[in-house]
Structures are given as C-alpha cells and as structure tokens.
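**Q** just the structure for this:
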Amino acid sequence: MPVRVRQELAVVTRSVLQDYVSTVIRVFGEHLQQHVPGMTYELLQQAALEAGYSWAADGPETALLDDAAAVIGLLPEQTRQLQLNFKHECLALGFNETARKLCQHNTRRRCSTQFSKKYMTTEHIAAACGAVLQIVAQDLDSRIYSGALPEVQVFVVEGSVYDANFLTSSCSTAGVAADSKLSELLERCSLLKNKKGQPLLEVPKGCRADADGRLLLQVQDGSVELPAITFTESSEALLSGRKPPFRLVARAKQTQESNLQIKHAVSEPFVVATRRVKANKKIDIPSAEDPVSRIEHLGGQTVKKLADLQAAAAEQEITLPPLDVDLLKISKAGHFKQLVLRAEVDGHLKHQLITILRMSKDKWAAAAVHAKRTVVPDTKMRAWTTDQAGLPLGLLFSCQNGMVQLGSPAALMQTTMDSSSATAPLSVVRTSQQSPEQQVLVQQLLPLAKSSWWSPGNPGWMITAVDSAEIEAKADLPARALFEFPSSSPSSNLLLQPPAADTATHTSTWLPP
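**A** Sure, this is the predicted structure:
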C-alpha cells in the first residue's frame, strides 16, 4: 500500500530512507509494547517481517526491499531528483599507472576527464581519446534513470563567470533547474552568439536548435549522444584575457507536465582556438619524434631560439657549457627533454636557458614537467600467454607508439608435440599462415587476452624483444627471438628498456632448451 513520505525525505538516497523507516518502526514497536498487554517482541518482529522490514534489538537492519522504487515509488515521481552528466566510454588502451610497463611509452592513456583541454573551431567536440560524448540522467545512487524526461538544451557558458557564480560554497545546490534564481544565473553565463550575431554552436545535420542557438536533444532510456558540435568563433576572439575558457552545459527544459528536479551537466573548462594554431597544438604525452612546438609554453619565438641555441646565447653574450650537438639545435621533443634533464642537475645552465629563452620560472617549470612526459617510439610486439592442458598457448600483437593493436592479433604462439624431443617446441604462426582450426583457436583466446589486459597486473602479458615490423619482414620468426633481450643497452633516459620482470617469468616455460 503506498505511503506518503515527508517532502524533506523525497530526495534522500535509498539507504538513508531505509534506515529512517526501520528506525521509526522499531521505536514505534518499543512504545506499543509498553501499552498493549500481551504484546511480545516476537509478535512485533513478525509484524515487521510481514510488512517487509526487519530490525535487531540493538538497532535497525537493512530493509527487505529489492528495489528502492518500493519506497521511493511511494513518492510522486515528479519529486525525484536527478543529475545530468557528461560521460564517455574511453577508447584508449594505455594505463595511467607508471608501474604498468606495458604502457610506459604509450602516447594515448585512459582519459581522466570527459572533455579535452583544447579544440579547434572546426573540430568536433569529443573526448580526448576520440570517443563520442553522451549526456546521461542519473539518480542520487548514480543509477541511470530510464523514465520520460523533458528535452535537453545544450549551450556554451563563459567559464570564469560560471565558476564565480556556481563553484562556490554558497552554491552547493547549483544546477537545480526548478530554482528560478539559479536558472537566471545560468542564463547570465550563457554565450549563445559569436561577434557576428550568429549562433556560437554550429547546428549539426539532423539536430534542432531554438531561436537563440541552443541545441535541443531528446534523452531516451536515460542517455543521448552529443552530436558533432563545432564552434563558429574561438574563445580568445569572443572573450577577453589569455586562454579564456568555455564550458558546455546540458540543461533539461522544465515543463508544467514534469516537476522532476534535474541538475544540469557542466563540462570541464576548455579553450577553442583557430585553425592557424593547429600545427602547434599541444599533446598530453608527446613522442620523442614530435616537433618541439608540441611542448607547453614553447611558442614560435622560443622554438626559433631552440633551433640554434648557441646563436641565441651569443646574442645575449651568454657562454653555454659544452653540450651535445642535438641539444644545441633542438627541433624534436625528445631532445628538449634531454636538455631539461641536463638543466635539472646543473642550476647554472637552467638559469641561462630561462634567460636565453625569455621564459618566466613558472613557465619553464611547466614546460619541463610536460617535456619529461615525452616517450620514445615503442614498436616492440606484445605477447599474451596462457597454459591449457599443460601446453602453453599465446597471441602476439603488433604495437605502434606504445599502442597495442588489441583487436587484431598478428600471430598465434602454439606448442607442437615432437616425438623426438622431450619438450614441446614453440611455433609462431602468422595470421596469413593459420589453418581454419588455428583461426578458431585465436578467436577463442582473444577474449581471454582482452580480459587479462584489463585485469590488475595484466596477467600473462609481456613485452617481447621483436619489433612489430619483423613479423612480416622475416620469412621465419624463431620463437626464441621473442624473448632474447640484449644483455646491455646504451644508457639513455629516452631508450626503451625492456622490463626484465615481465619476461623472466615466462622464459623457462616458453623457450625450448
């Protein structure tokens, strides 16, 4: 039987409501026992069980409810509080943990935010990994709400103004669209037109917009994809200041038919630049071969000085200490990383570089931090192994820039019983050479390899000693070559060092004597 719940309890979580109801029943039962002759604790407990609840003598237990709707359903649905959020399924395979050697040189790591830090005016808004963004409606327990929802408006707000109005302690409930004052503040932050009076957001094909330029989307089953949005003006052209940020907002329209309390979604701050700076767009994790201009705070004039550091020093009558030629004529991110590392152990050189490049200490520090994230081109094949019936099996995967081609194994590693040997020799069978049975085996192993990839510690995965190009270049690839690492390597912070711990575990099992 539906029970009316007090208004202040309409927005609490399931667990809080359960504890409240259980406590009320227990306290009521204790008082009832004092006034009704013959009423025992056992009778009270039996009545509570029949009502769908249980409690212990020392306090309330969890209410016996399979679905919060059994209690929240007692509430009118229109009092439900929801939150819109921007979400995406990250496409990157690289882990952010530095301990994961498999991804140490991967330039594409798992996204830590929903939006990129920077977009071009002609670039579609998407996650940094390239995934399509979604708008999802969730309840206070973070579950997707699949009920009917009003139309959602998508528009841009001025980041600094939004932050001043909404991201303060006095605005902890910011975003509840039913509050007219907060809705008015949100409108005050809005940026709907460019300098020519045209909509700031380019309306994608098949998408609707209102008269002011807000995109209109319909949420179905709790989510809707963000369309391929582009901008008609850069943030620097539209706003004052250096790199002024935009934010994107998704807000549910309120109608008289629906009184759902729905908080708006707001993106992380980002800037929008013109196409002319696309070539110098910064990269979160640069490759050693990337242009040095991809490092933070290295603009056109700084890049020119780095290209001939000796000449730039001479112009300011500065005598540099002896440096390698690559560090005097820097054009790549990898060489700048080496220069930064050299400066970290030579304070005088660091001071000289800051002076020559005319950089502030803060900008040099930021550039140095970014440069030290630079990784080397990594094309070493990855292998995944497992034992079935005592015989090792595995898959080989190609790798480019540290990114494993996880969806398409390059070869099958399989043992073949040899009656003339006490061991089972390991063979590497390329995709083009596999029999129908081996192709089926690869498809059976692939889900296991993917599952291990996402598991803590990446069980069964290792870095091989073979370059990805060798799988096709060589007519025969000996299995032993996969795990024969050089005994020593030139010492350089930029060289790929094969992790011994990742290979030693498998050497005795996989390699024939």
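
**Q** just give the number of residues close to residue 384.
**A** 25 (other C-beta atoms under 10 Å). Every C-beta, even on glycine, is put in place using the N, C-alpha and C of the backbone.

**Q** what bridges to it?
**A** Under DSSP bridges, the beta-bridge partners of residue 384 are residue 395, residue 461.

**Q** read off the pLDDT value for it.
**A** With respect to pLDDT, residue 384 scores 92.

**Q** now do residue 432 against residue 406, distance only.
**A** From residue 432 across to residue 406, the span is 20 Å (C-beta to C-beta, to the nearest Å).

**Q** looking at those two, which is more packed in?
**A** residue 406 (17 against 7).

**Q** which ones are touching the closest residue to residue 84 other than its chain neighbours?
**A** In space, and not counting its chain neighbours, residue 84 is closest to residue 265: 3.8 Å by C-beta to C-beta, 6 or more residues apart in numbering. Listed by C-beta atoms under 8 Å, 6 or more residues apart in numbering, the contact set of residue 265 reads 83, 84, 85, 86, 135, 249, 250, 251.

**Q** now do the second one against residue 143, distance only.
**A** Here residue 84 is placed at a distance of 14 Å from residue 143 (C-beta to C-beta).

**Q** name the element residue 382 belongs to?
**A** strand 380-388 (DSSP states H and E).

**Q** same question for residue 23.
**A** helix 14-35.

**Q** same question for that helix, mean pLDDT?
**A** 68.

**Q** all numbers from here: first residue = 9
**A** Taking 9 as the first residue, the last one we looked at is helix 22-43.

**Q** can you lay out the contacts of residue 273 as CSV showing neighbour count and secondary structure?
**A** As requested, the contacts of residue 273 are exported to CSV (neighbours: other C-beta atoms under 10 Å; DSSP: H, G, I helix; E, B strand; the rest coil):
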residue, neighbour count, secondary structure
91, 18, strand
92, 25, strand
93, 18, strand
94, 21, strand
143, 21, strand
257, 23, strand
258, 25, strand
259, 24, strand
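
**Q** what's stretch 442-451 in contact with?
**A** For stretch 442-451, contacts defined as C-beta under 8 Å, 6+ apart pick out 401, 403, 417, 420, 422, 437, 439.

**Q** so where's the stretch 309-458 of the chain uncertain?
**A** 395-399, 424-433 (pLDDT under 70).

**Q** could you pull out the strands for it?
**A** Per DSSP state E, counting those that start in this stretch, the stretch 309-458 of the chain carries strands over the ranges 388-396, 399-405, 407-408, 411-412, 419-423, 434-438.

**Q** and these: which comes nearest residue 379?
**A** Each of these has some distance to residue 379 by C-beta to C-beta; the shortest is strand 411-412, at 21.1 Å.

**Q** quick revisit: which pair of the contacts of stretch 442-451 spans the longest distance?
**A** 401 and 439 (15.5 Å).

**Q** give me the more crowded residue out of the two.
**A** Remark: of residue 401 and residue 439, residue 401 carries more neighbours, 20 against 16, as counted by other C-beta under 10 Å.
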